[in-house]
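# Sharing a sequence plus its predicted fold:
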Amino acid sequence: MNISRARQLQITGPDRKPCYGGNQLWFSSNTKAAGGCGSVAGANALRSLARSSKEFRKRIISSTVIPAPIKDALTSDDPDHENFSLLMTGVYETMGSFEIFPLNRIYDRCQRQSPVFSKIKSTFGLTNVGFIIGIIRFARKFGLDIEVRYLSTAFAGKEKAREFIREGLKESGSVVMLTCRNRHNVRLFSPDSNLSLRLVDGSDSVVKSHFTTITDMDMDRLLITTWGKPGVVDLNELAGSWKSVRAYEASLMYILPSTRKEATSCMLGAWKLFAAGLGHTIIRR
């Protein structure tokens, strides 16, 4: 794995412990923590672009409307998790999720570990279309125009996905992945003190209905970040999970600097990604 690229998402977390990318547990709201994975992935993608694109980074640094904590979250080599949490929250407030009233209000007043809300959901999360529109709208608030390149992965082939991921990593520094109702495994690791990402030991988990951020690719291994940790996903298993009607919304996306016209066109055409997924699911190829 490319360690220099991995360092792009280093964050000093709570208790000064190193983290890799944002963690939705940092949201103060229980409902945001439950359904904010899309906003965390959006914040990670913006930071990756700022760290890999001199043009985008320059726009951020020279901006007179972006608050200092948000600039730090986007451009610092190792931002504090409080500043990155502000970025995540700002993205969520623009991007949102399908919160269920009044369950969202009730859950926000309960213990986060409430057994009731482990079974009853207070949010349905976010769609791929909502992600595209939300991330463009958030950037536009600060005078930044971006567009989203995307690929529906429902019944997609492994090599097509590999090429898209390779292109996204080169152009944007990261690729956002939405796993729909299809399931695949991920092995999560704890980054050490200098974030060397020694991918040994770790714990296995199952991903479903979740946004993650791909930050590197080595043959058939994808390095991702989720819950503030690095993880490895096997591309063969992932591609196999796409061969299912449950993967109708599964997607890969990355962001690029753009003009205002291109950003607007991308928002207006975001529905095409969801439509493509449905189409592939119907014809099963």
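Okay, I see it.

# Give me the neighbour count for Asp77.
8 (other CB atoms under 10 Å). To be clear about C-beta, it is placed using only N, CA and C from the backbone, and glycine gets the same treatment.

# Give me the pLDDT for the nearest residue in space to it that is not next to it in sequence.
If the residues on either side of it in the chain are set aside, Asp77 comes closest to Gln10, at 7.1 Å by CB to CB, 6 or more residues apart in numbering. The predicted local confidence for Gln10 comes out at a pLDDT of 86.

# Please apply the same query to Cys110.
Looking at Cys110, its pLDDT stands at 83.

# Same check on Lys119?
With respect to pLDDT, Lys119 scores 79.

# what's the spacing between it and Ser52?
For Lys119, the distance to Ser52 (CB to CB, to the nearest Å) stands at 41 Å.

# Pass me the low-pLDDT residue ranges in the stretch 151-285 of the chain, would you?
Low-confidence segments of the stretch 151-285 of the chain (pLDDT under 70): 192-200.

# residue boundaries of the helices in the stretch 151-285 of the chain?
Taking DSSP state H, counting those that start in this stretch to define them, one finds helices in the stretch 151-285 of the chain at 158-172, 235-241, 260-268, 271-283.

# make that the stretch 1-150 of the chain, sorry
Remark: helices assigned in the stretch 1-150 of the chain by DSSP H, counting those that start in this stretch are 3-6, 30-35, 37-52, 54-62, 68-75, 81-95, 103-107, 128-141.

# out of these, deepest packed?
helix 37-52 (a mean of 27; mean count of other CB atoms under 10 Å).

# most centrally placed residue in this structure?
With distances taken as CA atoms, centre = their mean, the residue of the chain nearest its centroid is Ala41 (1.8 Å).

# correct me, but it touches Thr212?
Yes - under the contact definition of CB atoms under 8 Å, Ala41 touches Thr212, with a separation of 6.5 Å.

# Need the residues touching each of the two.
With contacts taken as CB atoms under 8 Å, 6 or more residues apart in numbering, the residues that reach both Ala41 and Thr212 are Val176, Met177.

# what's the longest strand in this protein?
Longest strand in the chain, counting residues (DSSP state E): strand 210-218.
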